[in-house]
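Trainee: got a predicted model here, sequence first, then my questions.
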Amino acid sequence: MSLDQEVEMMRQIPLFSGIAPAMRKLLCFGSERLTYDPGQALVKVGDMADAAYIIIEGSAEVSVPSPHGPVIVNTLGKHEVIGEIAIFVDLPRTATVTAMTKVEALRIPKDLFINVVRQNPDAAIELIKVFAMRLVNTTQQLIKNRAGAK
């Protein structure tokens, strides 16, 4: 995928759709494109958060450890963001994200990601929406898992 194609792809992601084209280009230029095979972890619980990821293609599941083994709390797909929460709170990752299919992802370094959000209020609002939906989805999944365990 060319830089121009990546910039166009970023325009389709709600988090980055409202930012200036030059900023999207900088975001793509400063990012790294990675490929993960099914079963391969994009991020692991306990790792320090040094980047956020955007899924370009494929799907991944988010799991958290429990005494009875990992609990799947979410499934993510095309154009979704991974790892953004940990880079803002500057704590180790709280979940593992594992590729379910072949995943193409854009790795955005922490400083670049934070800089883009800081300079773009619309991106910050979209990020808050992502956080809120993650909380809703995680809560629903935990309730479902708990009901199934009874």
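Mentor: Yep, it's here.

Trainee: low-confidence ranges in this protein?
Mentor: 1, 145, 149-150 (pLDDT under 70).

Trainee: torsion angles phi and psi at the residue most central in space within it?
Mentor: Note on the chain: the residue nearest the mean C-alpha position is Ile82, at 1.2 Å, using C-alpha atoms, centre = their mean. The phi/psi pair for Ile82 (degrees, to the nearest 10) reads phi -130, psi 140.

Trainee: quick one: contacts for the residue lying closest to it once chain neighbours are set aside?
Mentor: Nearest non-adjacent residue to Ile82, counting by C-beta to C-beta, 6 or more residues apart in numbering: Tyr53, 4.1 Å away. (Each C-beta comes from the backbone N, C-alpha and C, glycine too.) Each residue near Tyr53 by C-beta atoms under 8 Å, 6 or more residues apart in numbering is listed here: 34, 42-43, 81-83, 97, 105-108.

Trainee: just the buried residues of stretch 52-59, please?
Mentor: 52-56, 58-59 (16 or more other C-beta atoms under 10 Å).

Trainee: a markdown table for those, including distance to Thr138 and secondary structure?
Mentor: Formatted as a markdown table, those follow (distance: C-beta to C-beta, whole Å; DSSP: H, G, I helix; E, B strand; the rest coil):
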| residue | distance to Thr138 | secondary structure |
| --- | --- | --- |
| Ala52 | 17 | strand |
| Tyr53 | 18 | strand |
| Ile54 | 20 | strand |
| Ile55 | 18 | strand |
| Ile56 | 23 | strand |
| Gly58 | 21 | coil |
| Ser59 | 17 | coil |
